[in-house]
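> sequence first, predicted model second:
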Amino acid sequence: MYQPEKYKKEDREFIYNFIQEHPFATFVTKGAQLLATHIPVLVEGTPEDFILYSHIANHNEQFDFLKDDSEALLIFQGPHDYISSSWYEHKDISTWDYSAVHVNAKISLQSREELETSLQKLVKHFEKQQENPLYYKDIPKQMRKDHLPLITGFWAAPTRIQAIAKLHQGYSEKDINSITKHLENQENNINSALSENIKKEHNARNK
């Protein structure tokens, strides 16, 4: 990860919460070439000691290279967008604001029992806010039985963690107000979330 010092995030609680808030990750492994899949990945443990888990389809090209002790890179990305130079008080270079966490990890395959438990947790995590949630065990038993042999679950134990939040650190209050206002005026959920992240970063620094 390209990680300029002023944008670097090393606080483990920030990293842990970031993964929880942005669980849809890019899962990168090395096969005959670099391979990537976009999958939901959950975190278990504490900010100081956690493990990640997910699963992929067996017909996925990555499956042939998913083995115990193999290495992977998981990329979690937060809201991001283009920042126009026209939004500054004085002329400057346009840029892109964003936040991300990279986790290099060692893979270990899950047993069938671990996979079922992981699926229960995964479905509960995303289903619990639905008006009429349908949890894993509510799915017909035969359907679950037919589905399990088609996927492989895995644990990903972090070996290296890097995080960045490029949110216009070092800019004047006037520029920050202009940037966040322009983002919010675009009436886009991602832009609004990015605006909130920028405000939060600068409020924390100014306390």
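Thanks, I have it.
> please name the residues that touch the closest residue to K6 other than its chain neighbours.
What sits nearest to K6 in space, not counting adjacent residues and going by C-beta to C-beta, 6 or more residues apart in numbering, is Q169, at 5.1 Å. Bear in mind the C-beta positions are built from the backbone N, C-alpha and C, glycine included. Residues near Q169 by C-beta atoms under 8 Å, 6 or more residues apart in numbering: 6-7, 201-202, 205.
> what helices and strands are in contact with the helix ranked longest in the chain?
Of all segments of type helix in the chain, defined using DSSP state H, the longest is helix 189-206. Packing contacts for helix 189-206, counted by 3 or more C-beta pairs under 8 Å, 6 or more residues apart in numbering; DSSP states H and E, involve strand 81-83, strand 95-109, helix 173-185.
> in JSON lines, list the ones you listed along with mean neighbour count and distance to K141.
JSON lines is the format used below for the helices and strands packed on helix 189-206 (neighbours: other C-beta atoms under 10 Å; distance: least, C-beta to C-beta, whole Å):
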{"stretch": "strand 81-83", "mean neighbour count": "17", "distance to K141": "45"}
{"stretch": "strand 95-109", "mean neighbour count": "18", "distance to K141": "24"}
{"stretch": "helix 173-185", "mean neighbour count": "16", "distance to K141": "48"}
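> what's the closest of the ones you listed to D69?
Closest approach to D69 among the helices and strands packed on helix 189-206 (C-beta to C-beta): strand 95-109, 6.1 Å.
> now the residue nearest to K6, what's its secondary structure?
Here Q169 is recorded as coil under DSSP: H, G, I helix; E, B strand; the rest coil.
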